[in-house]
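[1] Sequence and predicted structure, then a few things I'm wondering about:
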Amino acid sequence: VGILLSIIIIFILFKIISFKDIIFNFSKINKIYLIIGFIFFIFTYILRAIRFKFVSGIKKLKDSFSIVCIHNFFSSILPAKLGELSYPIVLKKRFGTKYYQSFSDLILIRFFDVMTIGIVLFISLISIYTTKNTILILFFGLVIWIFLIFIIFLISKKIIIKISKIKTKKKYIKKIIYITKQILLRFAKRSNKDLIKIAFISLMITISMFIVTYILLRGLNVNIYVWWLILGGTLAIIAGLIPIQSFLNLGTFEAGLAFPLILGGLPKEEAIIISFSYHIINIIFISILYLLSILLDNLKKVSRWLGH
């Protein structure tokens, strides 16, 4: 479904623009903004590595950083969020971490990603729409969003109790119940202090991501109200979280970013060209860090071999 949707979106978008337009847009990019954007991009990865280290219990930050590079690369290129599986697979291979533990960690991380992105989405909408009635509606929406998050935490233990009471003779159902219970138990055992730390780091990651978006879009000569840029970045990220993406997240990402840019005042053609340009830059950054992590891992193996 995701691949079909992306093909349809790309077909529609390239009816409006041509590939030459994207190449020409790249030739005008501000190199200083590109370099600064990449520095903040690396900083975002470091924050992600700190969060993964804290959540999973990985001892060394460099190991966590390497896993972030690998996980983000495959999450960005594989369709239907299949790249998410790279995280538990790599942890299992390198540290022997059980799959239910890494899946629990991943669910927790994605939960806080959705939470912080949702908060930024509401704030950006409140900043864009300045009428009193709209602000009140969006403010109450933000309050309800935060309230629902806390409700999920409160009912998680009740869900574990109910699951543990389910009785069945079928082995595969028992296995599913056991794995689900272990995932939820690991989730529920987190202390409030740990959850606050994870929430804070997740918020910092989200802010850093939007700084990268703002810098790169400025480098692509986009001059519209900053909250339209943030809204565009938010919708592009949300499009990436939904499991409907195709290879390289093509189409859905562009649609998510271009729509707010058009609403912000950019001509339709320019918004689409910029969305493709931004996406290509994003893929290049992700690929560079992935290749760097692979290179460092191989150098580490060579140094160990020489040491022996």
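    Yes, it's here. Residues are numbered from 1 along each chain as shown.
[2] ok, then the element right after the helix or strand containing residue 50?
    Residue 50 is part of helix 31-56, with elements assigned from DSSP states H and E. Counting by DSSP H and E, the next helix or strand C-terminal to helix 31-56 is helix 61-77.
[3] just how off-centre is that following helix within its chain?
    Distance, stretch centre to chain centre, for helix 61-77: 12 Å (C-alpha atoms, centre = their mean, to the nearest Å).
[4] residues touching residue 7, list them.
    For residue 7, the residues meeting the contact criterion (C-beta atoms under 8 Å, 6 or more residues apart in numbering) are 246, 251. In short, each C-beta sits where N, CA and C put it, glycine included.
[5] Determine how far the last residue of stretch 94-104 lies from the first.
    Across stretch 94-104, the terminal residues are separated by 18 Å (C-alpha to C-alpha, to the nearest Å).
[6] How about it, which residues are buried there?
    97, 100-104 (16 or more other C-beta atoms under 10 Å).
[7] Considering those residues, which is situated nearest to residue 265?
    Proximity of these to residue 265 (C-beta to C-beta) peaks at residue 103, which lies at 43.1 Å.
[8] Give me the pLDDT value at that closest one.
    Reported pLDDT at residue 103 in the predicted model: 86.
[9] just the one 5 residues further on next, same as before
    According to the per-residue confidence, residue 108 scores 85 in pLDDT.
[10] contacting residues for it?
    Contacts for residue 108 were tallied using C-beta under 8 Å, 6+ apart; they are 55, 187, 190, 198.
[11] and residue 77, how many neighbours?
    For residue 77, the number of neighbouring residues by other C-beta atoms under 10 Å comes to 17.
[12] for it, what are its contacts?
    Under the contact definition (C-beta under 8 Å, 6+ apart), the residues listed for residue 77 are 83, 247-249, 283.
[13] Quick check: mean pLDDT of the helix ranked longest in the chain?
    Taking DSSP state H as the assignment, the helix of the chain that covers the most residues is helix 268-307. With pLDDT averaged residue by residue, helix 268-307 scores 85.
[14] and it, which residues are buried?
    Of the residues in helix 268-307, those scored as buried under the neighbour-count criterion (16+ other C-beta under 10 Å) are 270-279, 281-283, 285-286, 289-290, 293, 297.
[15] And for stretch 33-53?
    For stretch 33-53, a neighbour-count test (16+ other C-beta under 10 Å) marks 33-34, 36-38, 40-42, 44-45, 47-53 as buried.
[16] got the angle for the helix or strand containing residue 103 vs helix 31-56?
    According to DSSP H and E, residue 103 maps onto helix 99-128. Relative orientation of helix 99-128 versus helix 31-56 (axes from the mean of the first three to the mean of the last three C-alpha atoms, to 10 degrees): 140 degrees.
[17] Offset the numbering so it begins at 11, please.
    That works, and once the first residue is 11, the last one we named lands at helix 109-138.
[18] Buried ones in helix 109-138, by neighbour count?
    Going through helix 109-138 with 16+ other C-beta under 10 Å, the ones that come out buried are 110-116, 118-119, 121-138.
[19] any idea how far that helix is from the chain center?
    Taking the mean of its C-alpha atoms, helix 109-138 sits 9 Å from the chain's own mean (C-alpha atoms, centre = their mean).
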